[in-house]
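*Asks:* sharing a model that was predicted from the sequence below.
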Amino acid sequence: MEKNRIIFNEGLLGTKATIEGPWKKEYLALLLEKKVQELELNDGKGWYGDNVQFLEQLPHLKSLIIIDLNIKSIEPIHSLNGLTKLEINTYSNDPINFTDFPQLLECSFEWIAGSETLFESSTLQKLFINEYTKKDSTVFSGLFNLKELSILNSPIENLEGLSKLKSLNYLRLGNLKNLNSLHGIGSLQGIEELEIQRCKGILDVSEVFKLIKLKRLLLIDLGDITSIHGIEYLTELKDFLFYESTNILDGDLSPLTQLKNLKTVSYQNRRHYSHKREDFGELYFG
């Protein structure tokens, strides 16, 4: 006899179901009986299928994860008006109308053209967006309740649109090849963790040193940056990682010695650096 290929466990919002196989009609009664609040359809966990029409019969869901490149249409998700968490990673071309999710707090989204209503979701507190295709960051300015923001693999050219996101405490920027300035983030005084990776157009990182609550800073694979002078003002900084291609041109790492709360530092030794990583003793994380 074939096993029931639904895994149930306790999620953050209630009972979570992970379907490890194709959808079967008899699953609906089981999901309703167990009052499932969270549903995951993940091809990495065994799910497969190209139709999610059954979602229309689960309007009570609070959380939905779809990770499947074979699904042709995600239109049925628009019946889930009570969602507080949505993660979508598909090749579907169906734009998402985010106004159908007035309670949405958390979203992880592989960009789909025509989904600009995302930027009207003022309830959002956490957003991960990949492959966003526009160059201007102004659209992010209305997401004023965001606490966490990740922008990856986008042609964005500026960060001015982020300057109004005063609730941010976490910011991740990755592979933004057209970005050559960090202007705009210096006013985000609540940020405690900042990760910038493979944004090789950035030469000046002095804007970062205005973030006086920063506890964790990653400047990874940035290529050449002018200097880290000013980092000594980040008195709460505990972790500073700047490895791979990141190269401090003036070579002066002495400001790091003034950071009394620093617990971890990691970087690649270079001939022109004033300090070898081994000079930091137990702080060095290899």
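*Replies:* Perfect, thanks for sending it.
*Asks:* what does the pLDDT read for K164?
*Replies:* On pLDDT, K164 comes in at 94.
*Asks:* how long is stretch 254-264 end to end?
*Replies:* Across stretch 254-264, the terminal residues are separated by 15 Å (CA to CA, to the nearest Å).
*Asks:* brain fart, stretch 51-62
*Replies:* With CA to CA, one end of stretch 51-62 sits 20 Å from the other.
*Asks:* which outside residues touch that stretch?
*Replies:* With CB atoms under 8 Å, 6 or more residues apart in numbering as the test, stretch 51-62 has contacts from 13-14, 23, 27-28, 31-32, 35-39, 41, 64, 66, 71-74, 76-77, 79-85. No exception for glycine: its C-beta is placed from N, CA and C like everyone else's.
*Asks:* mind checking how far that stretch is from the chain centre?
*Replies:* 26 Å (CA atoms, centre = their mean, to the nearest Å).
*Asks:* buried residues, that stretch. List them.
*Replies:* If you call a residue buried by 16 or more other CB atoms under 10 Å, then stretch 51-62 has these buried ones: V52, F54, L55, L58, L61, K62.
*Asks:* and stretch 274-286, by the same measure?
*Replies:* H275, R277, F280, L283.
*Asks:* and the first one, which helix or strand is it part of?
*Replies:* Per DSSP states H and E, H275 falls between elements, in no helix or strand.
*Asks:* returning to that earlier point: what would the buried residues of stretch 51-62 look like in JSON lines with secondary structure and pLDDT?
*Replies:* JSON lines is the format used below for those (DSSP: H, G, I helix; E, B strand; the rest coil; pLDDT from 0 to 100):
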{"residue": "V52", "secondary structure": "coil", "pLDDT": "96"}
{"residue": "F54", "secondary structure": "helix", "pLDDT": "97"}
{"residue": "L55", "secondary structure": "helix", "pLDDT": "98"}
{"residue": "L58", "secondary structure": "coil", "pLDDT": "97"}
{"residue": "L61", "secondary structure": "coil", "pLDDT": "98"}
{"residue": "K62", "secondary structure": "coil", "pLDDT": "99"}
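*Asks:* with distance to K238 added, can I get these in a markdown table?
*Replies:* A markdown table is the format used below for the buried residues of stretch 51-62 (distance: CB to CB, whole Å):
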| residue | distance to K238 |
| --- | --- |
| V52 | 43 |
| F54 | 47 |
| L55 | 43 |
| L58 | 43 |
| L61 | 38 |
| K62 | 34 |
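*Asks:* out of those residues, who's nearest Y132?
*Replies:* V52 (23.6 Å; CB to CB).
*Asks:* measure that closest one to E232 for me?
*Replies:* According to CB to CB, to the nearest Å, V52 and E232 sit 53 Å apart.
*Asks:* I figured G174 hits L218, correct?
*Replies:* No - between G174 and L218 there is no contact under CB atoms under 8 Å: 10.3 Å.
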